[in-house]
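Visitor: here are the coordinates; sequence isn't available:
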């Protein structure tokens, strides 16, 4: 049996403030640091070890990985940072409060922007200084590959080719792989690996800081996925994620 372990970064400062974050490079909150440390402890207690790790280019995912590898005493593991694993780009919504946006446009519209398969958010202007093509951290990436806003569909179009070309061969070869990424880049991966429909994916919320394990047979056919957390606590964390986009937000 082959495995892949994925962890959504711990709570970020903008998660805490209930803001659309996307590619905005904000750090973990204090609670988020503790969630990442706890994820490392869970993996350590269950005896996991890794041969290679992948993360995005955003500090909240990178620092989550740092905490996990430190907790595992495996800081020697090679780490690949890839923009293809970044969060979905929320376009002109980035920096806006989710509950206030829902109060203005309605819960249903915000749900579509947050969780639908192919609905794009309002796009960021090309000359916006915060557009990825204008930020130095992406200066080596062709501008036409950098989004001004994304749906889950267009997020999948960058996440899955990267998985197939760069990550899958390591799993196929028997290596233990860890990914720390984001709610939507991991939803893209979950949808692809677990064969989840466009309708079902709308109702799936990936909690922060909880290891998600994918199992495959020797021919890389998907067997199952599961979280390394008590079901009651898992449901509580999932509901917290789901409530973020509602006009009345429950922190």
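Guide: Thanks, I have it. Fair warning: this is a prediction, and the values are worked out from it, not measured in the lab.
Visitor: residues of the worst-scoring helix or strand of the chain on mean pLDDT that come out buried?
Guide: When each helix and strand of the chain is scored by mean pLDDT, DSSP states H and E, helix 231-242 comes last, with a mean of 79. For helix 231-242, burial by neighbour count (16 or more other C-beta atoms under 10 Å) applies to 237, 238, 240, 241, 242. Glycine gets a C-beta too; all of them are placed from N, C-alpha and C.
Visitor: distance of the second one from residue 203?
Guide: With distances taken as C-beta to C-beta, to the nearest Å, residue 238 is found 10 Å from residue 203.
Visitor: got a list of what residue 180 touches?
Guide: Residues in contact with residue 180 (C-beta atoms under 8 Å, 6 or more residues apart in numbering) are 6-9, 53-56, 61-62, 64-65, 68.
Visitor: go again using 10 Å as the cut-off
Guide: Residues near residue 180 by C-beta atoms under 10 Å, 6 or more residues apart in numbering: 5-10, 36, 39, 53-56, 60-69, 79, 85, 186, 209, 211.
Visitor: for residue 169, same thing?
Guide: Per C-beta under 10 Å, 6+ apart, neighbours of residue 169: 175, 177.
Visitor: would it count as being in a helix?
Guide: Yes. Checked against DSSP: H, G, I helix; E, B strand; the rest coil, residue 169 lies within a helix.
Visitor: returning to what we had before: in helices, which of the contacts of residue 180 appear?
Guide: 36, 39, 60-69, 186 (DSSP state H).
Visitor: what subset of the contacts of residue 180 is buried?
Guide: Among those, those classed as buried by 16+ other C-beta under 10 Å are 5-10, 36, 39, 53-56, 60-69, 79, 85, 186, 209, 211.
Visitor: excluding chain neighbours, what is closest to the residue minimising distance to the centre of the chain?
Guide: Computing the C-alpha centroid of the chain and ranking residues by C-alpha atoms, centre = their mean puts residue 182 first, at 1.3 Å. Spatially, and ignoring its direct neighbours in sequence, residue 182 is nearest to residue 87 (3.6 Å; C-beta to C-beta, 6 or more residues apart in numbering).
Visitor: count of neighbours near the one you found?
Guide: 26 (other C-beta atoms under 10 Å).
Visitor: three-state assignment of it?
Guide: Assignment for residue 87 (three-state DSSP): coil.
Visitor: look up phi and psi at it.
Guide: phi -60, psi 160 (degrees, to the nearest 10).
Visitor: 24 is where my numbering starts, stick with that
Guide: Okay, using 24 as the starting number, the last item reads as residue 110.
Visitor: residues contacting it?
Guide: 31-32, 35, 43-47, 79, 81, 83-84, 117, 173, 178, 204-209.
Visitor: over to residue 112?
Guide: When contacts are counted by C-beta under 10 Å, 6+ apart, residue 112 touches 45-47, 143-144, 146-147, 154-155, 169-174, 177-178, 207.
Visitor: which ones among those lie within helices?
Guide: 177, 178, 207.
Visitor: state the distance from the second one to residue 127.
Guide: Applying C-beta to C-beta, one obtains 24 Å for the distance of residue 178 from residue 127.
Visitor: more neighbours: which of these two?
Guide: Taking other C-beta under 10 Å, residue 178 and residue 127 do not tie; residue 178 has more neighbours (24 against 12).
Visitor: identify the residue nearest that one in space, chain neighbours excluded?
Guide: Of all residues not flanking residue 178 in the chain, residue 111 sits nearest, at 4.5 Å (C-beta to C-beta, 6+ apart).
Visitor: kindly report the same for residue 238.
Guide: With C-beta to C-beta, 6+ apart, the residue lying closest to residue 238 is residue 246, at 4.4 Å.
Visitor: which pLDDT value goes with the one you found?
Guide: pLDDT for residue 246: 97.
Visitor: need the residues that contact the helix or strand it falls within.
Guide: Per DSSP states H and E: residue 246 is located in strand 245-250. Residues from elsewhere that reach strand 245-250 (C-beta under 10 Å, 6+ apart): 24-27, 29, 65, 212-213, 215-219, 229-230, 233-240, 256-257, 260-261.
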